[in-house]
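1. Take a look and give me a structure for this.
(one chain, ligands or ions: 1)
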Amino acid sequence: MSAVRALVTGATGQDGGYLVEQLVGQGVEVHALVRGAGGASSALRSTELPAGVHVHRGDLTDGLSMDRLVQELEPTEVYNLGGLSSVALSWEQPALTAQVSGVAVGHLLKASYDLQERTGVPVRFVQASSAEIFGRSERVPQDETTPVRPLSPYGAAKAYAHHLVGVYRARGLHASSCILYNHESPRRPQTFVTRKITVGAARIARGLQDQLAMGNLDARRDWGWAPDYVAAMTAAARDEAGRDYVVATGVSHSVRDFVAAAFAAAGITEWERHVTLDPRFARPSDAPELVGDSSRARQLLGWSPTTTFPEVVTRMVEHDLALLDAQGD
Ligand code: NAP
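-> Residues are numbered from 1 along each chain as shown. Model prediction:
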């Protein structure tokens, strides 16, 4: 595997950290693009990346620097996981979201294509796309042929990047767009509803708070385990052709189900007593149900999720309980 040289953007994010760890475990030479040192809103600090990873500081929106980095490093695999990943925050910052999660993907695709043209060595590009490109889909479950019809600035930025991957694939780049459904882990920031729920359930279980304020409990999502989803991305890079892949469990649950599972994992059965509905946390035009049909990834990549919904929720709650208990020691 040492012939593989990977560039990973978003390496201090939830997925970037898991991807870097998996690649290092495979013996790949890993170069990580990080925006800053990593901090409060990052899943990891850059110093927490595994030993041997080459860290490069830079901003995805700086096209010249991204091109220079790609031409200097000459990666054989480029994984673009960097971006503004919150649907909720994209309503606050639609233009920045478009720049970072949409337009900037063009810089990396062009740099990868130019590198391949210059050296004659194939470059394999993987984009972390999102189920949010489908928005209010009439089709349930969605697959790679489902019309792209986003409902949020985040979904629109991701849709642009998704189309651009197809454009460069048609031009001759081995480019794949992994259409990722929600995937969670203890590294999810608390700005995301899932981690907010698991932290809230843990704090209520330990008597540190009594109520958890929630927006819409009815939205349904297809939640998986983050390390599984980055494994799909490396499999996509190594398949014979670049393609679009839906990466999903195929099972949807409501936010209410997530809350009930999290409180149960924290040892609380009557969760309704602790949850208040607050319209301030409801999102405008939230997609009502996103659930993916990952048959293509299963058949062509041999991929399948390893972790069930209750296991994902339980691992997150156990992590948050352990964090609280460690703080109390
Ligand atoms: P995340 O934890 O928010 O990580 C995003 C990463 O992007 C962070 O490392 C962040 O750096 C970096 N970043 C943000 N702006 C940047 C910029 N201008 N230049 C360079 N780096 C920048 O997201 P994630 O959950 O790991 O998701 C990874 C990717 O998958 C994202 O593109 C996301 O949209 C996509 N996705 C995720 C999910 C999911 O359920 N997690 C579902 C569908 C798609 P800092 O650490 O400095 O902030």
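2. chain center to the strand or helix carrying Ala104, what's the gap?
-> According to DSSP states H and E, Ala104 maps onto helix 104-119. Relative to its chain's centre, helix 104-119 lies at 22 Å (Cα atoms, centre = their mean, to the nearest Å).
3. Which strands and helices lie in contact with the very next helix or strand once past it?
-> Scanning forward in sequence from helix 104-119 by DSSP H and E, the next helix or strand is strand 124-130. Strand 124-130 sits against strand 77-80, helix 104-119, helix 153-171, strand 174-180, helix 226-238, with contacts defined as 3 or more Cβ pairs under 8 Å, 6 or more residues apart in numbering; DSSP states H and E. C-beta coordinates here come from the backbone N, C-alpha and C atoms, glycine included.
4. For the closest residue to the ligand within the chain, which non-adjacent residue is spatially closest?
-> The ligand sits closest to Gly13 of the chain, with a gap of 2.1 Å, by Cβ to the nearest ligand atom. Residue nearest to Gly13 in three dimensions, not counting chain neighbours: Ala43, with 5.4 Å by Cβ to Cβ, 6 or more residues apart in numbering.
5. What of Thr306?
-> Asp228 is the one closest to Thr306 (Cβ to Cβ, 6+ apart), at 5.5 Å.
6. any weak-confidence spans in the stretch 1-150 of the chain?
-> Scanning the stretch 1-150 of the chain for pLDDT under 70 picks out 1-2, 37-41.
7. re earlier: I'd say the residue nearest to Thr306 and His183 touch.
-> Yes. Contact criterion Cβ atoms under 8 Å: Asp228 and His183 qualify, at 7.1 Å.
8. tell me which strands and helices the helix holding Ala104 is in contact with?
-> Using 3+ Cβ pairs under 8 Å, 6+ apart: helix 104-119 touches helix 63-73, strand 77-80, strand 124-130, helix 153-171.
9. related to what we said a few turns ago, how many neighbouring residues does the residue of the chain closest to the ligand have?
-> Neighbour count for Gly13, taken as other Cβ atoms under 10 Å: 27.
10. Reformat the helices and strands packed on helix 104-119 as CSV; add mean neighbour count and distance to the ligand.
-> As requested, the helices and strands packed on helix 104-119 are arranged in CSV below (neighbours: other Cβ atoms under 10 Å; distance: least, Cβ to the nearest ligand atom, whole Å):
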stretch, mean neighbour count, distance to the ligand
helix 63-73, 16, 9
strand 77-80, 28, 7
strand 124-130, 27, 3
helix 153-171, 21, 7
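11. Would you format the ones you listed as CSV with distance to Val247 included?
-> Shown next, in CSV, are the helices and strands packed on helix 104-119 (distance: least, Cβ to Cβ, whole Å):
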stretch, distance to Val247
helix 63-73, 25
strand 77-80, 13
strand 124-130, 9
helix 153-171, 13
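12. tell me the secondary structure for the nearest residue to Tyr160 once chain neighbours are set aside?
-> Excluding the flanking residues, the one nearest Tyr160 by Cβ to Cβ, 6+ apart is Gly102, at 4.1 Å. Under DSSP: H, G, I helix; E, B strand; the rest coil, Gly102 falls in the helix class.
13. phi, psi of Val275?
-> Backbone torsions for Val275, taken as degrees, to the nearest 10, come to phi -120, psi 130.
14. Quick check: nearest residue in space to it, chain neighbours excluded?
-> Excluding its sequence neighbours, the residue lying closest to Val275 (Cβ to Cβ, 6+ apart) is Leu212, at 5.2 Å.
15. My guess is that neighbour contacts His274. True?
-> Yes. Using Cβ under 8 Å, Leu212 makes contact with His274 at a distance of 5.8 Å.
16. Just want to know which of these two has more residues nearby.
-> Leu212 (20 against 17).
17. what's the spacing between Trp303 and Met66?
-> Between Trp303 and Met66 the computed distance is 29 Å (Cβ to Cβ, to the nearest Å).
18. Sorry, wrong one. I was asking about Gly135.
-> Counting by Cβ to Cβ, the gap from Gly135 to Met66 is 29 Å.
19. what does Glu270 give?
-> 52 Å.
20. next one: His174
-> For His174, the distance to Met66 - Cβ to Cβ - is 19 Å.
21. got it, and Phe263?
-> Taken as Cβ to Cβ, the span from Phe263 to Met66 is 44 Å.
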